[in-house]
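Visitor: Let's see this in three dimensions:
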Amino acid sequence: MQTLHEKIKAGIKEALLAKDQIKLDVYRGISAACTNELVAKGRKPQEMLSDEETLAVITRLAKQRKDSIEQFHAGGREDLVTEETAQLKVLEVFLPTMMSQDEIRTFAQAKQSELGITDPMKKGMLMSALMKDLKGKADGTDVKVVVDSLF
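Guide: Got it, this is the predicted structure:
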């Protein structure tokens, strides 16, 4: 069974053969970020990351793309928005499907009653508990919107 890291390395070859420049750039970026992660953890660059570690790297790269899209959109650089959006779509193939705000709301209301939080000043406690439970399943921005709507 191939690890996610190995699939990405194989994806570089496939993208080269298919002459798909966007996929090639994204796969190379993921591979480089994985190598940086290995070095940062004091491991050899030739080693492979676990699927969880690779997913964390891809999630971080996707978040960077989303931030870049916002910045480029605000700066009126639609050409760069299009490029970053295409790269984000390639990254999202590897990421698990995120929960919708309605699904998060149901979960948040249950957690709110479980913890007995009614004071808006304790919103941070609810947010923290939700992010721990929904790590990798829900986008932090969506969780914040839902938590704010509960108070």
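
Visitor: Name the helix or strand for the residue nearest to E53 when sequence neighbours are not counted, please.
Guide: Excluding its sequence neighbours, the residue lying closest to E53 (CB to CB, 6 or more residues apart in numbering) is E37, at 6.5 Å. The way it works is simple: take the backbone N, C-alpha and C, and place the C-beta from them, glycine included. Using DSSP states H and E, E37 sits in helix 21-40.

Visitor: Please, which helix or strand holds the residue sitting nearest the centre point of the chain?
Guide: Among the residues of the chain, the one closest to the centroid is T59, at 2.6 Å (CA atoms, centre = their mean). According to DSSP H and E, T59 maps onto helix 51-74.

Visitor: And that helix, how far out from the chain middle?
Guide: 6 Å (CA atoms, centre = their mean, to the nearest Å).

Visitor: Could you pull up the contacting residues of the nearest residue to Q87 once chain neighbours are set aside?
Guide: Nearest residue to Q87 in three dimensions, chain neighbours excluded: V26, at 5.1 Å (CB to CB, 6+ apart). By CB atoms under 8 Å, 6 or more residues apart in numbering, V26 lies in contact with 87, 90-91.

Visitor: Kindly reformat those residues as CSV containing pLDDT and secondary structure.
Guide: Conversion of the contacts of V26 to CSV gives the following (pLDDT from 0 to 100; DSSP: H, G, I helix; E, B strand; the rest coil):
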residue, pLDDT, secondary structure
Q87, 93, helix
V90, 92, helix
L91, 91, helix
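
Visitor: can you redo those residues as JSON lines with neighbour count?
Guide: Shown next, in JSON lines, are the contacts of V26 (neighbours: other CB atoms under 10 Å):
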{"residue": "Q87", "neighbour count": "21"}
{"residue": "V90", "neighbour count": "21"}
{"residue": "L91", "neighbour count": "21"}
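
Visitor: same question for the strand or helix carrying K111, mean pLDDT?
Guide: Assigned by DSSP H and E, K111 belongs to helix 101-115. Helix 101-115 comes out with an average pLDDT of 87.
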